[in-house]
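**Q** Would you be able to build a 3D model of this:
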Amino acid sequence: MDKTTEGWVSGFLGVLIFSGSLPATRVAVFDFDPLFLTVARATVAGLLGAALLFSLRERRPERRDLLSLAIVSAGVVIGFPLLTALALQHITTAHSIVFVGLLPLSTAIFGVIRGSERPRPAFWIFSGIGGALVAGFALVQSGSASSIGDLLMLGAIVLCGLGYAEGASLARRLGGWQVISWALVLSLPVTVGLTLFTLPASWSGIGLPAWLGLAYVSLFSMLIGFVFWYRGLALGGIAGVGQLQLLQPFFGFVLSALLLNEAVGWPMIAVTLAVIGCVAGAKRFAKPPEAKAGLAIASR
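**A** Residues are numbered from 1 along each chain as shown. Next up is the predicted model:
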């Protein structure tokens, strides 16, 4: 398996893990304050990341890496989790899929700006069609929603795309899991303090589903998923592998069908097949013809 293919496989596993993030957040914010949920998940993941880094004696980031780590922290440690948690108080999980369909395009744009990638023009065609298919399908399925929730989700998508692209560029030097771990560790002084400040006044009213949601977003969404995701972006290319996020909403629908007995109709199957075609097309045109196969990365 060459590095590009390995990157796409790793990215696919990351998307599978992230597919449960919005449903888990939606369940958790029924009982937890959104700010507490955001900083608590980052604190738990940060402590685990610190344990990994120091037990394995990983080298510390250089001074030139600190700004990039700060951008990663602002985008995916604090920004995206907080804005989505706030948004899901106003809109349904299904409606939030409208914006997840725009995340691949956001990631690709920041990959060009921050990662110096130059996809071919055909890439943007496939990316745009794929995003429009996902957003259009989700919009038809979700009905009316709050404009406040929409604006919060839009901000979340912008910050997340920036954090993904910045982290992927940095992963080429530090390694995938090291990037998210260091970003979490550097955020700990803020997240620990805010976690203590926003502790619930009473724990008695918090149900098991909320605790399970917190556990999922802390362990999988905030840490384990990024191990695969940043490695995939770094190996396979930010713009190209980022298109795998177009499949994320449909994985969520499949989970709903399997776990909640929700119906899956032929429109979803048809759109899913079309999106898979867009992902395949985007993969083919993600790099310019002169680009070399494979990327230098600390494959640890």
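
**Q** In three-state terms, how would the residue nearest to Pro34 when sequence neighbours are not counted be classified?
**A** Nearest residue to Pro34, sequence neighbours excluded (Cβ to Cβ, 6 or more residues apart in numbering): Ala85, at 3.6 Å. From N, CA and C alone the C-beta is placed, and that goes for glycine too. At Ala85 the chain is in helix, as set by DSSP: H, G, I helix; E, B strand; the rest coil.

**Q** Let me see the contact set for Ala85.
**A** The neighbours of Ala85, taking Cβ atoms under 8 Å, 6 or more residues apart in numbering as the test, are Thr25, Ala28, Val29, Pro34, Leu35, Leu37, Thr38.

**Q** Quick check: of those residues, which has the highest neighbour count?
**A** The member of those that has the most neighbours, counting by other Cβ atoms under 10 Å, is Thr38 with 29 neighbours.

**Q** Gly149 reaches Ala87, doesn't it?
**A** Yes - counting by Cβ atoms under 8 Å, Ala87 is a contact partner of Gly149 at 4.5 Å.

**Q** So these two - more neighbours on which side?
**A** The residue with more neighbours, out of Gly149 and Ala87, is Ala87; 28 against 21, by other Cβ under 10 Å.

**Q** mind checking the longest helix of this structure?
**A** Across the chain, the helix with the greatest residue count (assigned by DSSP state H) is helix 147-174.

**Q** Quick one: list the elements packing against the next helix or strand after that one.
**A** Elements were assigned by DSSP states H and E; along the chain past helix 147-174, the next helix or strand is helix 176-197. Where contact means 3 or more Cβ pairs under 8 Å, 6 or more residues apart in numbering; DSSP states H and E, helix 176-197 is packed against helix 34-55, helix 66-72, helix 147-174, helix 225-236.

**Q** returning to that earlier point: quick one: common contacting residues for Gly149 and Ala87?
**A** Common contact partners of Gly149 and Ala87 (Cβ under 8 Å, 6+ apart): Ser96.

**Q** Can you tell me which helices and strands the longest helix of the chain packs against?
**A** Under the contact criterion of 3+ Cβ pairs under 8 Å, 6+ apart, the helices and strands touching helix 147-174 comprise helix 66-72, helix 80-87, helix 93-100, helix 103-115, helix 176-197, helix 225-236, helix 238-242.

**Q** Tabulate these (TSV), appending distance to Leu159 and mean pLDDT.
**A** TSV is the format used below for the helices and strands packed on helix 147-174 (distance: least, Cβ to Cβ, whole Å; pLDDT from 0 to 100):
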stretch	distance to Leu159	mean pLDDT
helix 66-72	9	93
helix 80-87	5	89
helix 93-100	12	70
helix 103-115	9	78
helix 176-197	13	93
helix 225-236	15	88
helix 238-242	15	79
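
**Q** nearest to Phe285, of these?
**A** The minimum distance between Phe285 and the helices and strands packed on helix 147-174 falls on helix 238-242, with 8.4 Å, by Cβ to Cβ.

**Q** before we move on, the earlier item: winner for burial among the helices and strands packed on helix 147-174?
**A** Using mean count of other Cβ atoms under 10 Å, the stretch among the helices and strands packed on helix 147-174 with the greatest mean number of neighbours is helix 238-242 (a mean of 31).

**Q** circling back to that earlier point, tell me how far the residue nearest to Pro34 lies from Leu22.
**A** Relative to Leu22, Ala85 is positioned 10 Å away (Cβ to Cβ, to the nearest Å).

**Q** Repeat that for Met222.
**A** Computed with Cβ to Cβ, the distance linking Met222 and Leu22 is 14 Å.

**Q** Kindly report the same for Ser127.
**A** Distance from Ser127 to Leu22, by Cβ to Cβ: 21 Å.

**Q** Show me what whichever strand or helix holds Phe123 packs onto, helices and strands only.
**A** With elements taken from DSSP H and E, the one containing Phe123 is helix 121-142. The helices and strands touching helix 121-142, judged by 3+ Cβ pairs under 8 Å, 6+ apart, are helix 93-100, helix 103-115, helix 238-242, helix 266-284.

**Q** at 10 Å what do you get?
**A** In terms of contacts (3 or more Cβ pairs under 10 Å, 6 or more residues apart in numbering; DSSP states H and E), helix 121-142 is packed against helix 93-100, helix 103-115, helix 238-242, helix 248-260, helix 266-284.

**Q** Serialize these to JSON lines and add fields for distance to Phe18.
**A** Putting the helices and strands packed on helix 121-142 into JSON lines (distance: least, Cβ to Cβ, whole Å) gives the following:
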{"stretch": "helix 93-100", "distance to Phe18": "9"}
{"stretch": "helix 103-115", "distance to Phe18": "10"}
{"stretch": "helix 238-242", "distance to Phe18": "12"}
{"stretch": "helix 248-260", "distance to Phe18": "6"}
{"stretch": "helix 266-284", "distance to Phe18": "15"}
